[in-house]
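In: Structure for this input, please:
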Amino acid sequence: MRELRIEAIGAQGDGRASGNFIPLTLPGERIIAQMSGVRGELLEVLEASPDRVAPPCPHFGVCGGCALQHWSAQPYLDWKREQVRIQLSHEGLETEILPTFASPPASRRRVALHARGGKGGVRLGFKERRSWNLARIETCPVSNPRLVAAFPALARLAGPFLEHPKSAPTLHVTLTATGLDIDVTGVEAKSGGLSADARVRAAMVAGEADFARVTLAGEMIYMARQPMVKLGPAVVALPAGSFLQAVPQAEKAMVDFAVEAAQGASRIVDLYSGVGTFTFRLAQIGGVHAADSSAPAIAALKGAVGTATGLKAITAEARDLSRRPVLSTELKKVDVAVLDPPRAGALEQHVEIAKSKVARVVGVSCNPATFARDARVLVDAGFRLERVLPVDQFLWSPHIELVGVFSR
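Out: From the prediction side, this is the model:
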């Protein structure tokens with residue numbers, strides 16, 4: 001056991017003390033921890049921070065989903081803003097960093113729930129902190145109450161997917177306008193996949209629970225209604241297992257920021273567009289060409305064009321932008337480029353944009369480190385990073401999203 005004074009919160013949400021990391025602590029606290037190498041477990045808080053609050057979730061401390069529920073709102077949001085500044089500084093970048101947009105509690109419309117079998121029946125929940133063990137979850141203050149209310153039915157649904165002893169199903173659950181859409185992954189397939197009996201039982205549970213759709217790694221198991229989502233003025237038929245922003249309020253904040261930056265553009269490219277999160281709002285300003293590696297997402301985007309009125313022309317293509325980025329020669333008539341790449345960023349695509357005549361870029365990112373790396377490419381080509389909006393989409397986690405605007 002060691003007595004330590006917590007100096008700051010590290011990038012992963014753990015308290016930092018003289019090179020040691022102790023979760024569930026706060027800056028300024030004097031604590032006792034049980035250490036194993038440089039990592040420790042909190043045993044006792046001797047002097048608590050005035051910013052320590054009672055965590056709202058009974059699973060806090062065991063569940064690995066939230067690391068910072070014990071921190072009051074303003075210093076927590078300021079910390080996220082500071083993490084963005086630190087990552088930018090690593091690339092020698094400075095800009096205006098706006099106050100962090102805060103997603104409210106009970107707002108998550110997407111969760112990934114793990115299921116395990118055993119003598120006690122089906123357990124459904126999230127992984128424990130730094131463990132493969134499963135924390136059975138009965139409530140979740142970050143999730144939409146309609147998702148939480150469905151936990152018992154989702155546990156019943158998981159049962160048929162556990163027929164093989166090596167299966168470790170994950171239920172990717174999305175709340176849509178027409179009900180819950182569930183895509184199940186992690187099912188052992190070496191024995192031929194899910195049996196016909198298990199499929200029937202899963203469909204029966206889905207029907208009883210009035211789920212909209214259940215798929216197994218995209219393969220249809222049950223569908224009562226097509227899952228639909230509203231993206232700006234358009235209504236999109238969501239493909240099975242497709243990406244959707246986790247929190248509608250965070251999505252709106254990011255889209256609003258991008259749309260403001262794109263004002264006055266006549267031609268826009270929306271790269272890594274998905275099903276059109278940004279596309280349809282941008283098309284209220286100018287013509288948009290959307291590109292994404294997912295062919296089903298692009299098909300859904302195209303299919304939704306007719307559901308909205310007053311839009312400029314939208315074109316779309318399925319294209320692996322990591323292997324085949326849109327070239328500078330293809331960007332000749334583009335005024336604004338909007339990018340929302342995966343965590344790895346989009347280095348090659350930024351290189352092409354840097355060589356083009358594009359005047360403004362809006363970068364959306366779920367990884368401030370790769371955003372900063374890619375931003376350096378644009379700045380070296382004459383762009384100025386005007387401002388950045390940090391977005392707290394994953395409440396009480398160390399995860400930070402952001403939107404940045406570049407111009408030249």
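In: Which residues are in contact with K302?
Out: With contact set as C-beta atoms under 8 Å, 6 or more residues apart in numbering, K302 has these partners: 314, 316. For the C-beta atoms, the positions are set from N, CA and C on the backbone; glycine is no exception.
In: just checking, it is part of a helix?
Out: Yes: under DSSP: H, G, I helix; E, B strand; the rest coil, K302 falls within a helix.
In: And it, how far from A234?
Out: For K302, the distance to A234 under the criterion C-beta to C-beta, to the nearest Å works out to 11 Å.
In: Kindly report the same for P56.
Out: With distances taken as C-beta to C-beta, P56 is found 35 Å from A234.
In: who has more neighbours, those two?
Out: Neighbours per residue (other C-beta atoms under 10 Å) separate P56 from A234, with A234 holding more: 23 against 14.
In: so where do the helices sit in the stretch 201-350 of the chain?
Out: Secondary structure of the stretch 201-350 of the chain, counting by DSSP state H, counting those that start in this stretch: helices at 248-261, 279-282, 295-304, 347-355.
In: for those, which one sits closest to R387?
Out: If you check each of the helices of the stretch 201-350 of the chain against R387 by C-beta to C-beta, helix 248-261 wins as the nearest, at 8.9 Å.
In: what about the closest one, distance to the chain center?
Out: Offset of helix 248-261 from its chain centre (C-alpha atoms, centre = their mean, to the nearest Å): 15 Å.
In: what does that helix rub up against?
Out: Under the criterion C-beta under 8 Å, 6+ apart, residues 101, 103-104, 107, 109, 232, 245, 277-278, 281-282, 284-285, 336, 338, 360, 362, 364, 389, 391-393, 401, 403, 405 lie in contact with helix 248-261.
In: Mark which of those residues are buried, thanks.
Out: Restricting the contacts of helix 248-261 to buried positions leaves 101, 103, 107, 109, 232, 245, 277-278, 281-282, 285, 336, 338, 360, 362, 364, 389, 391-393, 401, 403, 405, with burial counted as 16 or more other C-beta atoms under 10 Å.
In: Heading C-terminal from the lowest-mean-pLDDT helix or strand in the chain, find the next helix or strand.
Out: Among the helical and strand segments of the chain, the one scoring lowest on mean pLDDT, DSSP states H and E is strand 134-136, with a mean of 90. Sequence order places helix 145-149 as the next helix or strand after strand 134-136, per DSSP states H and E.
In: still on that earlier bit, list the helices and strands the least confident helix or strand of the chain packs on?
Out: In terms of contacts (3 or more C-beta pairs under 8 Å, 6 or more residues apart in numbering; DSSP states H and E), strand 134-136 is packed against strand 123-127.
In: Which elements pack onto the strand it packs on?
Out: In this structure, strand 123-127 makes packing contacts with strand 110-116, strand 134-136, helix 151-158, judged by 3+ C-beta pairs under 8 Å, 6+ apart.
In: can you list these in a markdown table and add mean neighbour count and distance to G207?
Out: As requested, the helices and strands packed on strand 123-127 are arranged in a markdown table below (neighbours: other C-beta atoms under 10 Å; distance: least, C-beta to C-beta, whole Å):
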| stretch | mean neighbour count | distance to G207 |
| --- | --- | --- |
| strand 110-116 | 20 | 19 |
| strand 134-136 | 18 | 25 |
| helix 151-158 | 21 | 11 |
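In: looking at those, which has the lowest confidence?
Out: Ranked by mean pLDDT, these bottom out at strand 134-136, with a mean of 90.
In: For H172, the count of nearby residues, please.
Out: For H172, the neighbour count with other C-beta under 10 Å is 19.
In: Please verify my assumption that it contacts T185.
Out: Yes: counting by C-beta atoms under 8 Å, a contact exists between H172 and T185, whose distance comes to 6.8 Å.
In: list residues touching both of the two?
Out: Jointly contacting H172 and T185 under the rule C-beta under 8 Å, 6+ apart are G241.
In: I'd like a version of the helices and strands packed on strand 123-127 in a markdown table, one that adds distance to A217 as further columns.
Out: Putting the helices and strands packed on strand 123-127 into a markdown table (distance: least, C-beta to C-beta, whole Å) gives the following:
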| stretch | distance to A217 |
| --- | --- |
| strand 110-116 | 14 |
| strand 134-136 | 21 |
| helix 151-158 | 15 |
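In: Alright, that wraps it up for me.
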